[in-house]
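> Next come a sequence and a model predicted from it.
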Amino acid sequence: EIVTIEPSFARDNDFDIDELDEDEYRVNGEIYVMNYVRDIMNLLYALESYYPIDNSYLQVTSTIAAKAWKVTLKHRTTLVEWLIQLFYCRFHLAQDSLHVCIQLLDRFLQHCSSLPAAQKSNVLTQKNLQLIGIATLLLATKIEETHHPSVEDLVFLTNNAYKADQLKRMEKKILQDLQFELNRPTR
């Protein structure tokens, strides 16, 4: 059963700065940034709407598109479940890294879904989906973690279905296609 989750950017911006408890923003006795919370939240809402993820990007509307579009919501779901296992069971990574990984994955898949059929079929296939997943995992851990999994470890986890240079090329392609704009609010 697939559960539809309403994207956070679809919510009303009913954030009320005056209702916040200042104690909620103290972390281990450090100085908190209560004076800047309104500006920070406004920036995050602006970024969220600047990089929208359309929750229908995996839906196919025509038979021609269906032939070119070889990746479905079920494939994405399976990939995300596998990535979650890697994050928590294999590498014991932070939840923030997982959020970044999934948003990079969704943004890249959405970008690929908007490409002409000929370009899309070269990149976005069921065979390449796991490669895309581990490339976004690698990018996310480079952003969020102090140490990231090695390319060799990630290739090994795919049962050597890909080579290290394929992973590096996919990582580069994702960066280029997303125009190196990797920061988006993640939760």
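Structure's in. What do you need?
> Give the helix, strand or coil label for residue 93.
coil (DSSP: H, G, I helix; E, B strand; the rest coil).
> Surely it touches residue 141?
Yes - in this structure residue 93 lies within contact range of residue 141 using Cβ atoms under 8 Å: 6.3 Å. (Each C-beta comes from the backbone N, C-alpha and C, glycine too.)
> and this protein, what are its domains?
8-50, 63-177 (automatic domain parsing).
> Of those, which is nearest residue 183?
domain 8-50 (7.1 Å; Cβ to Cβ).
> so where's the chain uncertain?
Along the chain, the parts satisfying pLDDT under 70 run over 1-34, 51, 55-70, 115-122, 184-187.
> Show me where it has its helices.
Remark: helices assigned in the chain by DSSP state H are 37-50, 63-68, 73-85, 95-113, 117-123, 126-144, 151-157, 164-177.
> Pull out the buried residues from the fourth one.
Of all the residues in helix 95-113, those buried under the rule 16 or more other Cβ atoms under 10 Å are 97-113.
> what separates residue 108 from residue 132, distance-wise?
Residue 108 sits 6 Å away from residue 132, going by Cβ to Cβ, to the nearest Å.
> shared neighbours of the two, anything?
Taking Cβ atoms under 8 Å, 6 or more residues apart in numbering as the criterion, residue 108 and residue 132 both touch residue 174.
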